[in-house]
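*Asks:* Below is the structure, and that's it, no one-letter string:
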């Protein structure tokens with residue numbers, strides 16, 4: 001699978017290096033879910049900058065990853081959506097709820113810091 005997953009403190013950073021097959025997308029979801037539990041992960045960043053296309057299956061799979069991680073106690077932020085990909089996703093009217101996005105890794109980490117700090121205060 002062409003996804004590098006790095007651990008940075010209580011966060012996981014998954015950098016997709018090239019287009020993924022449907023099987024690889026499902027494998028990524030499973031692997032991230034497992035790692036959230038193994039490392040007591042509080043947040044996940046998924047970098048999709050290498051993707052030239054995000055089709056409806058990948059978009060639904062990203063939603064599934066976000067919801068699965070949330071049920072395991074981790075927030076997720078997607079980074080690196082290319083301008084043409086963003087335009088296509090809007091034109092195809094893909095359901096992107098509850099995806100959180102950021103322009104880059106720094107913004108994603110800042111977002112996760114805010115989200116996980118709020119969760120800690122709320123007792124979640």
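*Replies:* Happy to help now that I have it. Since the model is a prediction, treat every value here as computed from it, not as a measurement.

*Asks:* Flag every buried residue along stretch 15-29.
*Replies:* 15, 16, 20, 24, 25, 28, 29 (16 or more other C-beta atoms under 10 Å). Placement of C-beta: from N, CA and C, glycine included.

*Asks:* Kindly check the end-to-end length of that stretch for me.
*Replies:* Length of stretch 15-29, first residue to last, C-alpha to C-alpha, to the nearest Å: 13 Å.

*Asks:* Give the rounded mean pLDDT of that stretch.
*Replies:* When pLDDT is averaged along stretch 15-29, the result is 94.

*Asks:* and if you look at stretch 34-48?
*Replies:* Here the average pLDDT along stretch 34-48 is 96.

*Asks:* how about the helices of the chain, start to end?
*Replies:* Under the criterion DSSP state H, the chain contains helices at 22-39, 56-71, 83-91, 105-122.

*Asks:* Please render those as TSV that adds distance to residue 49 to the earlier fields.
*Replies:* Formatted as TSV, these follow (distance: least, C-beta to C-beta, whole Å):
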stretch	distance to residue 49
helix 22-39	15
helix 56-71	14
helix 83-91	10
helix 105-122	10
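
*Asks:* Can you flag the weakest of these by average pLDDT?
*Replies:* Across those, the lowest-scoring stretch is helix 105-122, with a mean of 85.

*Asks:* So residue 7 is in contact with residue 38, correct?
*Replies:* No. In terms of C-beta atoms under 8 Å, residue 7 does not count as a neighbour of residue 38; the distance is 9.7 Å.

*Asks:* any idea how far stretch 30-43 is from the chain center?
*Replies:* Chain-centre distance of stretch 30-43: 12 Å, with C-alpha atoms, centre = their mean, to the nearest Å.

*Asks:* Only the buried residues of it, if you could.
*Replies:* Applying 16+ other C-beta under 10 Å to stretch 30-43 flags 31, 32, 33, 35, 36, 41, 42, 43 as buried.

*Asks:* Max pairwise distance over those: which two?
*Replies:* Taking C-beta to C-beta as the measure, the buried residues of stretch 30-43 span a maximum distance of 17.4 Å, between 31 and 42.

*Asks:* mind checking which of the helices of the chain is nearest residue 97?
*Replies:* By C-beta to C-beta (comparing all of these), the closest turns out to be helix 56-71, at 7.5 Å.
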